[in-house]
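> Please find the sequence and the predicted model below.
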Amino acid sequence: MITRRTVVGLLALAALAVATHLAVTWAIPYGAMVRLLLTSRPAELTVPYLPPMTDAAQRRVVLPSPDLLYATCPVDLRERPMRIRADPRTDGYWSLALYASNTDNYFVVNDRQAAGRGVDLVVLGPKSVGGVPPGLPPGVTVVHAPSSRGLLLMRVLVGDYAAEREVVEAARRTLRCEPLGP
């Protein structure tokens with residue numbers, strides 16, 4: 001015979017299981033981003049991290065593609081906006097993607113969208129006071145971030161790294177990530 005006490009205990013256990021599941025599901029993306037930021041952080045935060053070409057043994061990025069060369073920059077908008085620039089002069093595919101602290105992608109630009117021009121972004125945090133900073137140069141794209149911290153990931157397509165090394169390395173070395181202003 002099932003008693004009222006047993007039913008209440010089972011309901012409490014089920015509620016605890018659901019709450020634990022929801023908390024873990026919510027926390028996993030934030031933990032993944034913290035881990036990625038800690039393992040791909042350059043000594044100087046304004047210098048992009050340029051890891052070596054991916055091989056089968058590396059897992060700096062979840063399921064990295066062996067056909068892509070990566071560069072990362074931590075995005076920290078707690079004190080001021082960031083300016084991100086790149087001018088990858090390559091005939092192949094490249095992209096810049098911004099990720100929020102929960103791993104959500106909130107902005108992407110690639111070689112087709114840039115149409116042979118460089119990329120010049122100003123990224124504003126969710127608490128940016130006063131909106132768009134005055135005096136931005138013409139052609140700057142303003143991006144509003146949903147979180148104060150995150151990551152920029154640059155990808156450059158590589159067909160034959162040995163043959164294309166100079167071009168693809170030069171392309172990703174054009175990436176600049178720096179705080180805006182003084």
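Happy to help now that I have it. As the structure is a prediction and not an experimental result, all values here were calculated from the model. Numbers count the residues shown, from 1 in each chain.

> Just give the number of residues close to M154.
Counted with other Cβ atoms under 10 Å, the neighbours of M154 add up to 25. Heads up, the C-betas are built off the backbone N, CA and C, glycines and all.

> thought it was touching L68?
No. Using Cβ atoms under 8 Å, M154 makes no contact with L68, being 9.5 Å away.

> Each with direction, which strands does the host helix or strand of L98 pair with?
Element membership for L98 (DSSP states H and E) is strand 94-100. With DSSP bridges as the test, strand 94-100 is paired with strand 105-110 (antiparallel), strand 149-157 (antiparallel).

> Which residue lies closest in space to the residue nearest to the spatial centre of the chain, excluding its sequence neighbours?
Nearest to the geometric centre of the chain sits L151, at 2.9 Å (Cα atoms, centre = their mean). Of all residues not flanking L151 in the chain, Y99 sits nearest, at 4.7 Å (Cβ to Cβ, 6 or more residues apart in numbering).

> Can you give me every residue that contacts that neighbour?
Contact analysis of Y99 by Cβ atoms under 8 Å, 6 or more residues apart in numbering lists M33, N105, Y106, G150, L151, L152, L153.

> The fourth one against A97, yeah?
What that stands for is G150. No. Counting by Cβ under 8 Å, A97 is not a contact partner of G150; they are 10.2 Å apart.

> Neighbour count for those two, which is higher?
G150 (28 against 15).

> Pull the contacting residues for that one.
Applying Cβ under 8 Å, 6+ apart to G150 gives the contacts M33, P74, V75, L98, Y99, A100, S101.

> isn't V132 right next to L124, touching?
Yes. V132 is within contact range of L124, at 7.3 Å (criterion: Cβ under 8 Å).

> where do the contact lists of those two overlap?
V142.

> between these two, who's got more neighbours?
L124 (20 against 13).

> pLDDT score for the more buried one?
L124 carries a pLDDT score of 92 in this model.

> what pairs with it across the strands?
When assigned by DSSP bridges, L124 has beta-bridge partners H144.

> And it, how close does it get to L68?
Relative to L68, L124 is positioned 28 Å away (Cβ to Cβ, to the nearest Å).

> for G150, same thing?
Counting by Cβ to Cβ, the gap from G150 to L68 is 20 Å.

> One more: A15?
Per Cβ to Cβ, A15 is found 44 Å from L68.
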